[in-house]
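Q: fold the following.
(3 chains)
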Amino acid sequence: MSLNFAQKNAVKLITGPCLILAGAGSGKTKVIINKIVYLIKYGAYKSHNIAAVTFTNKAAYEMRTRLSKHLNILKTKNINISTFHSLGLKIIKHEIKSLRFHDNFTLFDEKDQISLLKKICNKETKNNITLLKKISFQISFWKNQFYTPEKVKSLAKSAVEKYFSDIYEKYNTCLYELNSLDFDDLICLPTTLLKENKEIKNRWQTKITYLLVDEYQDTNNSQYEFIKELTNTQSNFTLVGDDDQSIYSWRGANPNNIFLLKKDFPNLKIIKMEHNYRSSGRILKAANSLISNNMHSLKKTLFSQLQYGKFIQIIIAENEEKEAEKIAKKIFLQCSKKKLQYQDYAILYRGNYQSRILEKVLIKENIPYNISENSSFFSCVEIKDLLSYLRIIINPNDNAALIRIINIPSRKIGSITLKKIEKYTTKQKKSLFDAINDIELEKIINKKTIKKLKDFIDLIQEFIDLADIAPYKILDKIIHDIEYEKWLYKSLKDPKKIQKSINNIYTLSEWLKNMIQGDELEKPMSLSKIITRMTLRDIVTKNTKKQSDNNKVQLMTLHASKGLEFPTVFMIGMCEGVLPNQKSIHNNNIEEERRLTYVGITRAKKQLFFTYCCKIIQYGKMLYTSPSRFLFELPQEDIKWEKNIFKNNFDR
DNA sequence: GGCATACAGATTTTT
DNA sequence: TCTGTATGCC
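A: Model prediction:
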């Protein structure tokens, strides 16, 4: 594999802190892979002492797959390639004795968090989902700043702050009582542990002697601290990132972490990779021109040695339907000339809602398409229900799971009964599961209901007793015993929804079957491990799609397109209010929208289209729009606006 | 407890 | 406009 000068430098710098500023399409992954191989072959690093951290399971999986082509199986397996959260989890599991949690803890996802908050808050807050989300965001923010509830409480001035900090304290106490952790804990707990415990820190710094981090621009504060703690003494690390592709600040990512590094590690070496191997010169020029409107502390200019390429076109349509039709026609014409295949096209948009009209038109025009599915799988009711059953089995104290399924399928145990038990448990400091067996309850709940409750507990106990058999068998038994399919028919009614649910359940079951412990042949993974991995969305989506039925136009959000490339890209909805989004205009957060546009542009290899439509329908109301400001930030000499009249009208 | 109706809210979504 | 959720009635 041949590398250019910058890439070689990046690979060969194997001592001390190293930051690689890797522009879009500059061969970032290639460098990471080569570097790991180099570390082992020439750097005297042992494979088991190298850790590579990514943000997504997909990225981790891809990295491992690509590495396996350069290293033998054993070495590839030894390298710790994981997401931030999985690495955090690994440390927590390993150091569980130093933490106050039990080993069989449950992981709370966002929905679990919200339902826990609902329990804690007063009535008005409970019914205000916006406020609940605000509180959950605030708690997450505090955790990521390593502010303990005590600290936040002592600092709180206003009544609102006091109220929020109270909830934070209660929230954390509840999590502890339920033997549960949230996603933030997976990063923050190990970081605090490393900070405060020299022995543990020493253990992990000996274990991980070289650390690589991908998509560094997406780290938030606690992840940055986590990295620092892991690498403190030797500082042998490589962080790879591109500040221009930071598009997750709304999720807490702090692109400034790139510049903080220089301060925290004065001997930091920065290597810029500016040679783009993906896009035509013209596309790259457009990307550079656009992004130069953002503030930069480290300047970087991408260049390409590929052809200058075709003009960038701006398609103008009257409304969204015409916009979609024009795209469909273009794709159809080009494909029927056999120049390109459907799979060579991507249609990118700001929000998922924009795909609806596209889909409608593409179906009408008989153009095959593929919508990259978001991870909604895990938020489907049927999956959450069944996972809750599994969760209860490994951790009966998991009240959230119990509440979810105690009446699914219907057992005539309603909210009134639950409230009674909850009231009782808060006094007794017990979990719901434990409380149900108490004789005391018979004083406040009628006999019939007590019987139902006990039946439920017996049912769960029966499952718990099975814990040693293969997890997928447990799942199958649950589905069978509770007559879950029957329940689906009863509760969903819509046959399409029922079919989808049943398919999802099948997927889940199949997936459990395939979860095999890595180190020992054919040994199924423990249920507890599976549940954790499920919550971490650690689903290995192997690309088993057949090449033949993969020839489809790709539809996805700009966010989802990061890291991908396509010969031809359409960026739709290029109007003020959509891209940049109205809220970003309002909050003066244009730079991130510009980066999003930049990400979109740099996905294109050969041809780039923007589409703009004059009228859009938003929330059922028609809206006249003006073209996105970003269109005017492109080099106009490289662009063909579809109709000049529009250009003149909107030129500024 | 289940159903119908009212009503708010509506980007992006790595774990 | 559409969707998910809260509420109130049976």
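Q: which bits of chain A sit near DNA strand C?
A: Chain A has residues A:127, A:129, A:617, A:619-620 near DNA strand C, with proximity defined as CB under 7 Å from any atom of the strand. Placement of C-beta: from N, CA and C, glycine included.
Q: just send the residues you listed back as JSON lines, with pLDDT too.
A: Listed next are the residues of chain A next to DNA strand C as JSON lines, based on pLDDT from 0 to 100:
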{"residue": "A:127", "pLDDT": "70"}
{"residue": "A:129", "pLDDT": "74"}
{"residue": "A:617", "pLDDT": "89"}
{"residue": "A:619", "pLDDT": "85"}
{"residue": "A:620", "pLDDT": "82"}
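Q: widest-spaced pair of those residues?
A: The largest separation in those, counting by CB to CB, is between A:127 and A:617 at 30.3 Å.
Q: wait, which of the residues of chain A next to DNA strand C is closest to DNA strand B?
A: Distance to DNA strand B across the residues of chain A next to DNA strand C (CB to the nearest atom of the strand) is lowest for residue A:619, with 3.8 Å.
Q: which residues touch the closest one?
A: Residue A:619 makes no contacts at all, as judged by CB atoms under 8 Å, 6 or more residues apart in numbering.
Q: helices and strands around the longest strand anywhere in chain A, which ones?
A: Ranked by number of residues, the top strand in chain A under DSSP state E is strand A:604-618. Judged by 3 or more CB pairs under 8 Å, 6 or more residues apart in numbering; DSSP states H and E, the packing partners of strand A:604-618 are helix A:281-291, strand A:312-319, helix A:320-336, strand A:566-571, strand A:621-624.
Q: so can I have JSON lines of these showing distance to residue A:611, mean pLDDT and mean neighbour count?
A: Formatted as JSON lines, these follow (distance: least, CB to CB, whole Å; pLDDT from 0 to 100; neighbours: other CB atoms under 10 Å):
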{"stretch": "helix A:281-291", "distance to residue A:611": "15", "mean pLDDT": "94", "mean neighbour count": "23"}
{"stretch": "strand A:312-319", "distance to residue A:611": "4", "mean pLDDT": "91", "mean neighbour count": "19"}
{"stretch": "helix A:320-336", "distance to residue A:611": "5", "mean pLDDT": "91", "mean neighbour count": "19"}
{"stretch": "strand A:566-571", "distance to residue A:611": "6", "mean pLDDT": "95", "mean neighbour count": "24"}
{"stretch": "strand A:621-624", "distance to residue A:611": "16", "mean pLDDT": "86", "mean neighbour count": "10"}
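Q: looking at these, which is nearest to residue A:82?
A: Among the helices and strands packed on strand A:604-618, strand A:566-571 comes nearest to residue A:82, with 28.6 Å by CB to CB.
Q: nearest to residue A:253, of the helices and strands packed on strand A:604-618?
A: helix A:281-291 (17.5 Å).
Q: who's in contact with that closest one?
A: Helix A:281-291 is contacted from outside by A:24, A:244, A:276, A:279, A:301-304, A:306-312, A:594-595, A:597-598, A:601-602, A:604-606, A:608, A:630, A:633-635, A:638-639, using CB under 8 Å, 6+ apart.
Q: and stretch A:52-66, by the same measure?
A: Here stretch A:52-66 makes contact (CB under 8 Å, 6+ apart) with A:29, A:32-33, A:36, A:76, A:79-84, A:86-87, A:211-215, A:218, A:227, A:536-541, A:563.
Q: likewise stretch A:328-342?
A: Outside stretch A:328-342, the residues within contact range by CB under 8 Å, 6+ apart are A:315, A:345, A:361-362, A:364-365, A:367-369, A:551-553, A:567-568, A:609.
Q: report the helix or strand with the lowest average pLDDT across chain A.
A: Between all helices and strands in chain A, the lowest mean by mean pLDDT, DSSP states H and E belongs to helix A:644-650, at a mean of 47.
Q: show me the strands in the stretch 301-450 of chain A, by range?
A: Under the criterion DSSP state E, counting those that start in this stretch, the stretch 301-450 of chain A carries strands at the ranges A:303-304, A:312-319, A:345-349, A:369-371.
Q: mind putting those into TSV with distance to residue A:513?
A: Formatted as TSV, these follow (distance: least, CB to CB, whole Å):
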stretch	distance to residue A:513
strand A:303-304	47
strand A:312-319	47
strand A:345-349	34
strand A:369-371	26
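Q: can you list the ones you listed in TSV and add distance to DNA strand B?
A: Below are the strands of the stretch 301-450 of chain A laid out as TSV (distance: least, CB to the nearest atom of the strand, whole Å):
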stretch	distance to DNA strand B
strand A:303-304	26
strand A:312-319	18
strand A:345-349	8
strand A:369-371	10
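Q: got the phi and psi for residue A:526?
A: Per-residue torsions, residue A:526: phi -70, psi 150 (degrees, to the nearest 10).
Q: tally of neighbours for residue A:191?
A: 23 (other CB atoms under 10 Å).
Q: contacting residues around the residue lying closest to it once chain neighbours are set aside?
A: Closest residue in space to residue A:191, ignoring its immediate chain neighbours: residue A:226 at 4.5 Å, by CB to CB, 6 or more residues apart in numbering. By CB under 8 Å, 6+ apart, residue A:226 lies in contact with A:84, A:88, A:187, A:190-191, A:194.
Q: what parts of the stretch 451-600 of chain A come near DNA strand B?
A: Residues of the stretch 451-600 of chain A lying near DNA strand B (CB under 7 Å from any atom of the strand): A:536-538, A:556-557, A:559-560, A:581, A:583-584, A:587, A:589, A:593.
Q: buried subset of those as a ChimeraX selection?
A: Of those, the buried ones can be selected in ChimeraX as follows, counting by 16 or more other CB atoms under 10 Å:
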select /A:536,538,556,557,559,560,581,584,593
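Q: about what we covered before: let's see which of the contacts of stretch A:52-66 end up in strands.
A: Applying DSSP E to the contacts of stretch A:52-66, the entries found in strands are A:80-83, A:211-213.
Q: as CSV, these with neighbour count, pLDDT and distance to residue A:330 would be great.
A: Shown next, in CSV, are the ones in strands among the contacts of stretch A:52-66 (neighbours: other CB atoms under 10 Å; pLDDT from 0 to 100; distance: CB to CB, whole Å):
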residue, neighbour count, pLDDT, distance to residue A:330
A:80, 19, 93, 46
A:81, 25, 93, 40
A:82, 21, 92, 42
A:83, 21, 93, 38
A:211, 23, 95, 46
A:212, 25, 95, 41
A:213, 26, 95, 40
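Q: tell me, which of the residues you listed make contact with DNA strand B?
A: Applying CB under 7 Å from any atom of the strand to the ones in strands among the contacts of stretch A:52-66, those adjacent to DNA strand B are residue A:83.
Q: ok, of the ones in strands among the contacts of stretch A:52-66, which one's closest to residue A:504?
A: Comparing the ones in strands among the contacts of stretch A:52-66 against residue A:504 with CB to CB picks out residue A:83 as the nearest, at 23.4 Å.
Q: isn't the closest one right up against residue A:536?
A: Yes. Look at residue A:83 against residue A:536 with CB atoms under 8 Å: they come within range, at 7.1 Å.
Q: so where is the stretch 551-652 of chain A shaky, pLDDT-wise?
A: Within the stretch 551-652 of chain A, the segments meeting pLDDT under 70 span A:644-652.
Q: quick check: closest non-adjacent residue to the residue in chain A that DNA strand B sits nearest to.
A: Nearest residue of chain A to DNA strand B (CB to the nearest atom of the strand) works out as residue A:414 at 1.6 Å. Computed as CB to CB, 6+ apart, the closest residue to residue A:414 that is not its neighbour in sequence is residue A:407, at 6.9 Å.
Q: and the pLDDT at the one you found?
A: The model reports residue A:407 with a pLDDT of 82.
Q: that one: neighbour count?
A: A count of neighbours around residue A:407, defined by other CB under 10 Å, yields 16.
Q: from the contact counts, what lies against the helix or strand containing residue A:169?
A: Taking DSSP states H and E as the definition, one finds residue A:169 inside helix A:159-177. Counting contacts by 3+ CB pairs under 8 Å, 6+ apart, helix A:159-177 packs against helix A:110-120, helix A:129-144, helix A:149-155.
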